[in-house]
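Enquirer: Only the shape, not the letters, is given here:
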């Protein structure tokens, strides 16, 4: 594979990122001094910065292969927005940077990334506010959700995740379904999305989520799950644009509210 032909000026920085990542992976399972870990993490962060700069230049000058350009454009824009804003946490910036590197890897190796089935929910209360949780791993406000367990349907997973993360029983909003003999109908998801997940070092490798997104209603006192969620709350739709949310949250919440109004009318 000719990386120079595919990535243009980003070929060198991408190789440097791979070398820095491999150096970190080679120490997995070791009890390394703190300064060694910091040095390795700093090398990865620097390589990711260089890669983002080189990809931006290559994309602007038309030097990226078309499929790579299409794959990296969205995560690259999200990363550059955070870096230029200067108000994000290191963890949030690092997650966005990893998404860029993973987009390059996926484009170079299509079909090799594992997909996980997940379910999440856009939940509204009687005041038309949306429920969000601040996820510790993502360092951002997101919709409640998680992986679908074995022998569990996506709608059951969405209801369970809301209950586990904030202590509420969600009622899924879904179009009326026909009652047919010999069949059990499950509520339909409002949307099915595919999203990248950078994984958790030492726990899960990078993968993708096929997310069954439901719309629901709930009210009551929120009770957070401390090991995954640092806080939760109900928010006005108009406030989301100024909050540290994942990029898709404001648009998805606004569209879901319009849809739930259509279902109710």
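Expert: Alright, I've got the coordinates. Fair warning: this is a prediction, and the values are worked out from it, not measured in the lab.
Enquirer: mean confidence score for stretch 168-188?
Expert: Per-residue pLDDT values over stretch 168-188 give a mean of 85.
Enquirer: And for stretch 132-152?
Expert: Averaged across stretch 132-152, pLDDT comes to 87.
Enquirer: buried stuff in it?
Expert: 132-135, 138-146, 148 (16 or more other CB atoms under 10 Å). From N, CA and C alone the C-beta is placed, and that goes for glycine too.
Enquirer: Packing partners of the longest helix seen in the chain?
Expert: As assigned by DSSP state H, the longest helix anywhere in the chain is helix 34-60. Secondary-structure packing of helix 34-60 (3 or more CB pairs under 8 Å, 6 or more residues apart in numbering; DSSP states H and E): helix 3-7, helix 11-25, helix 66-85, helix 90-108.
Enquirer: and these, which is most packed in?
Expert: Comparing these by mean neighbour count (mean count of other CB atoms under 10 Å), helix 90-108 comes out on top with a mean of 20.
Enquirer: how far is the following helix or strand past that helix from where the chain is centred?
Expert: Sequence-wise, the next helix or strand downstream of helix 90-108 (DSSP states H and E) is strand 115-124. Chain-centre distance of strand 115-124: 11 Å, with CA atoms, centre = their mean, to the nearest Å.
Enquirer: next one: stretch 138-158
Expert: Here the centre of stretch 138-158 is set off from its chain's centre by 12 Å, with CA atoms, centre = their mean.
Enquirer: try stretch 54-72
Expert: 22 Å.
Enquirer: Could you pull up the mean pLDDT of that stretch?
Expert: 84.
Enquirer: distance between the ends of it?
Expert: 12 Å (CA to CA, to the nearest Å).
Enquirer: any idea how far residue 94 is from residue 230?
Expert: In this view, residue 94 and residue 230 are 17 Å apart by CB to CB, to the nearest Å.
Enquirer: Could you do residue 36 as well?
Expert: For residue 36 relative to residue 230 (CB to CB), the value is 29 Å.
Enquirer: Next: residue 85.
Expert: From residue 85 over to residue 230 the distance is 21 Å, taken as CB to CB.
Enquirer: From the structure, what's the count of residues near residue 234?
Expert: Close neighbours of residue 234, defined as other CB atoms under 10 Å, add up to 17.
Enquirer: Just say helix, strand or coil for the residue lying farthest from the centre of the chain.
Expert: Most distant from the centre of the chain: residue 181, at 39.2 Å, with distances by CA atoms, centre = their mean. Secondary structure assignment for residue 181 (DSSP: H, G, I helix; E, B strand; the rest coil): coil.
Enquirer: For the chain, which residues score under the pLDDT cut-off?
Expert: 1-2, 25, 27-34, 37, 86-92, 110-113, 137, 198-206, 225-228, 264-265 (pLDDT under 70).
Enquirer: Break it down into its domains, please.
Expert: 3-108, 115-264 (automatic domain parsing).
Enquirer: now the helices and strands packed on helix 34-60 as JSON lines including distance to residue 128?
Expert: Formatted as JSON lines, the helices and strands packed on helix 34-60 follow (distance: least, CB to CB, whole Å):
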{"stretch": "helix 3-7", "distance to residue 128": "46"}
{"stretch": "helix 11-25", "distance to residue 128": "44"}
{"stretch": "helix 66-85", "distance to residue 128": "28"}
{"stretch": "helix 90-108", "distance to residue 128": "28"}
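Enquirer: closest to residue 250 out of the ones you listed?
Expert: Nearest to residue 250 among the helices and strands packed on helix 34-60 is helix 66-85; the distance by CB to CB comes to 13.2 Å.
Enquirer: Could you tell me how far the closest residue to residue 44 other than its chain neighbours is located from residue 105?
Expert: Spatial nearest neighbour of residue 44, chain neighbours left out: residue 20 (4.5 Å); criterion: CB to CB, 6 or more residues apart in numbering. Look at residue 20 and residue 105: by CB to CB, they are 14 Å apart.
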